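# Need the 3D shape of this:
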Amino acid sequence: MHPPASPRSRPRRLAGFVAAVVVALASGALAVAVTGSAEAATVGAGSYTETLPAGAKLPSGCGSISTNPRQFLTPNAPAGPVPTNDWWSSLLFKKGDECAFSQPLFAGPAAYRPVASGLGLSYQTDAAISGSATGLGEYHYPYAQHVVVGVAGLNAPQALVDGWSDWTVTPSWSDGARTMKATIGHGLPLSYFQVTGGDALLTSTGPPTAWQNSGSRIGFSIGGHDYVAYGPAGSTWTVSGSTIRSSLAGRGYFSVAVLPTLSDAAAADKIALADTYGQFAQNHVTGTRMSYAYDQAAGTVNTTYAFTTTAREGSGAGTVIALYPHQWRYLTGATPLSRTYVSPRGAMRIVTGTSFQTSMKYTGVLPELPAVGDSAGADLSTITGFLNDELANPADFRGDDTYWTGKGLGRAARIAEIADQLGLTSVRDSALNVIRTRLTDWFTASAGKTARLFYYDRNWGTLIGYPASYASDEDLNDHHFHYGYYVAAAATLAKFDPAWAAAGRYGGMVDLLIRDANNYDRADTRFPYLRDFDIYAGHDWASGHGAFGAGNNQESSSEGQNFANALIQWGQVTGDNAVRDAGIWLHTTQAAAINEYWFDVRDENFPATWGHNYTAIVWGSGGAYATWFSGEHAMVVGINMLPMTGGQLYLGDHPEAVRRTYAELVRNNGGEPTVWRDMLWQYLALGDPDAALAKFRAGSSYTPEEGESKAHTFHWIRNLAALGQVDTGVTANHPLAKVFTSSGARTYVASNITDAALTVTYSDGRTLSVPAGKTVAAGANTWSGGNANGGGTVPTTPPACTEPPLLSQGKTATSSSVEAGYPPNLAVDGDAATRWSSEFADPQWLQVDLGAAQPLGRVELTWEVAYGKAYRIQTSTDGTTWTTAATVTDAAAAGTVVHPVSGTARYVRMYGTERGTPYGYSLFEFKVYGTC
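Reported below is the predicted structural model:
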């Protein structure tokens, strides 16, 4: 959300106008001065400090949050570093004028806002639009409260955070006599509640219209939308004026759903949907988790979004799930329901179950475009002249803070890559020397040093560079933007100087920057997992606190992609597949989201009456054709294009959308851009390279964007004019490979940064031999160049394990007894609707043979209503001698239970000693997982 413009100012509001529907809170900052020199913690040859530099600012907000970020957590909240930069961050990172509860939380499809009496709910289907179709403007689906869900008499002084998972959060209220906890999340039409001290109370903004009130369920309309409250079996609901009330039959739990219908829909239609949702209403979501896998051979990225549910009654599992467009377009193994929700991101489609999967093509990135067009003739002379102009000042630093240092490093990296391709070693080495010198300086926190260093704050679990910029310190803004430049420049340097990049030298500091912005390792407790990336929304959020009336926000999505691409390049050059694959998942997922939510390439997601086909800022509640720093149309559009690198080629996946967006810019601007021409021409080259090249040749006397050079701009445009457009139909079994098409003829490109020859295979059957250290193009264009063979000397680490393997599914299961029709194999078949059941006696057991002794990580039991009250999880290597790995003595109810286990075993069993019902023991699923 920072402005990549003049470093002399740090604006806090959108330039040119402020939409009435957005409350963008300006926050104060707490400056904490610490005297004395910085004490360094070494990381290889590098170091950081844990002593705050003199005059530096800490994250700031309400109360004592600067030094106690757990101030607004309950004792139940997970240990470790607190997450920031999320859709719900203002609930935890309280700031500005809301120090008790939070700003609106836009989860999709519903929005929420905690208040003293409970949790407010809103579902909006009509956009509020400001500005004009040819000027600055915004659209929002603003929070407009329909109902508050709470406890009768509740008057809590604040809302705290009781827990969170990958895309859910659990706020908590207490006034001493009454308590409430709610679980809400992305993609959850159902919200789940647990209360004590009084009746459940739903207070609407006016008298609700009940279209069904039958037993434990009431369906009602308010604000033009339909809601359903589901109480426990045996409970009832009463309506009085603007309140709906239930004693919950003394059981203290319920759920509330928003339906994808309008209040004027037929009652039968609403009841049918309420019936469908009702099958899952008492399966409270208690956790969410994403896992991914990069299939290098197939060139695909496969993602699983899993939901853990606990059955408050009955024996069900799963929930109702609403998918964003970047998810349902790539959905596999499921068919959505016919109904859809309206959301600020477009239509959300509905599936049910415990998980869903997506599969996306990864079509590759490049360190730089190959010199197929400017390596000979007059254009070689042109590019050589531009590169030689940069010999003395390749970085052209415009400031000394983290952002402007990063911009300069990125500029130098582009120059080094191009100069290497063309054999201009003096220019290349000048750029590499600047990168090496400046990074080494920043990666060294020597005694007495107060600037150009990184500080680690143990309370927040964050690494802050000082001088900070654009509130990267006090608001924890933009770490992915800033640090992505550092990592990318380090990756370029590592290709030529692998010794500098080794873990024992400065590679460890690079890894710390990666982990701070988007920690790829769930086991690393120094930083939150994927700090800046919203796993379910599919993109980064820029603000650490998100304390705005329109939710969190992200400008400059391309700088977020610069970070993801940097991980791919760094992981590849250092042989760290965990980092590389994390970058590939981030890049592939976010490329889909950017094309949907910033560029709306299919013209389906923005409100039809908004008038723009592009948004510069994505907000939780909508989007803005505006920036934080300028009203110039060229900057409004260009902010989502910089820096232009081989990692930004996804912007050309839809060339017709490129041409459409550029045409809108010219229309709104009243003519061709007069600033940031280079960024916009490079973007246009992804849709119409010949037109872009003509514009450059006719107007090359422009002033470059602060992080750009004429050398790079010409190289980019000239070579796209030769290569053509991005070909999204072909993948490769190598991460640094790409295919282009011009007039139906393909050019295959691959970059090999190792010291051994490489053969790349493409999905259309083409193979490409790439010598050590070379970038090669073949097909319609033929070229080879470069000398970046520093990679390959560093040992390769194992791929990241984001989800341990499921060992038990489909394996042989046996049991002590069987109730007729429910054999033991039904507990390991992967079908949550089938089950094993025992005789009605104690003790009983169910065991699975894993086929061979394997390391164990956890066991998951999904109990039917006939659950085990007391049981043991046991392991064995021979099926005869058993070791107890977990013991349960007083389980309360059915549902899914997770037991961490360890050690190596071939056989795993549940040994039940006391039934929870008069029936037997019955398991829908008995899952045994391995380890990473």
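
# List the strands paired with the lowest-mean-pLDDT helix or strand in the chain, with their directions.
Least confident helix or strand, the chain: strand 895-900 with a mean of 85, by mean pLDDT, DSSP states H and E. When pairing is defined by DSSP bridges, strand 895-900 lines up against strand 858-863 (antiparallel).

# So for the partner strand, mean pLDDT?
Mean per-residue pLDDT for strand 858-863: 92.

# For it, report the contacting residues that lie outside it.
Surrounding strand 858-863, the residues in contact under the criterion C-beta atoms under 8 Å, 6 or more residues apart in numbering are 315, 317, 804, 832, 868, 873, 885-886, 894-901, 908, 910, 922-929. Every residue, glycine included, has its C-beta placed from N, CA and C.

# ok, which stretches of the stretch 701-850 of the chain are strands?
Counting by DSSP state E, counting those that start in this stretch, one finds strands in the stretch 701-850 of the chain at the ranges 725-726, 737-742, 745-751, 758-761, 767-770, 775-779, 783-785, 812-815, 836-837, 844-855.

# Quick check: which of those is nearest to Val637?
Nearest to Val637, of all the strands of the stretch 701-850 of the chain, is strand 725-726, at 19.4 Å by C-beta to C-beta.

# Can you spell out which helices and strands pack onto the host helix or strand of Val149?
Element membership for Val149, per DSSP states H and E: strand 147-151. Packing partners of strand 147-151 (3 or more C-beta pairs under 8 Å, 6 or more residues apart in numbering; DSSP states H and E): strand 118-122, strand 179-185, strand 190-196, strand 200-204.

# mind putting these in CSV, distance to Val730 and mean pLDDT included?
CSV is the format used below for these (distance: least, C-beta to C-beta, whole Å; pLDDT from 0 to 100):
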stretch, distance to Val730, mean pLDDT
strand 118-122, 45, 98
strand 179-185, 37, 98
strand 190-196, 42, 98
strand 200-204, 54, 98
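
# Ignoring the adjacent residues along the chain, who's closest to Gly930?
Among residues not flanking Gly930 along the chain, Pro805 sits closest, at 4.6 Å (C-beta to C-beta, 6 or more residues apart in numbering).

# one step back: compute the inter-axis angle for the strand holding Val149 and strand 179-185.
Calculated by axes from the mean of the first three to the mean of the last three C-alpha atoms, to 10 degrees, strand 147-151 forms an angle of 140 degrees with strand 179-185.

# Within its sheet, name the partner strands of strand 147-151 and how each one runs.
strand 118-122 (antiparallel), strand 200-204 (antiparallel).

# quick revisit: would you mind identifying the next helix or strand past the least confident helix or strand of the chain?
Next element after strand 895-900 (DSSP H and E): strand 904-915.

# would you put the C-alpha positions of that next one in CSV?
Taking C-alpha atoms only, strand 904-915 is exported to CSV below (Å, rounded to 0.1, in the frame of the first residue of the first chain):
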residue,chain,number,x,y,z
THR,A,904,8.0,-45.8,13.8
ALA,A,905,5.4,-48.5,13.4
ARG,A,906,3.7,-50.8,10.9
TYR,A,907,0.4,-51.3,12.9
VAL,A,908,-1.7,-48.6,14.5
ARG,A,909,-4.9,-49.3,16.4
MET,A,910,-7.7,-47.7,18.4
TYR,A,911,-8.2,-49.8,21.6
GLY,A,912,-11.5,-48.8,23.2
THR,A,913,-12.1,-49.4,26.9
GLU,A,914,-15.3,-47.5,27.6
ARG,A,915,-18.1,-46.7,25.2
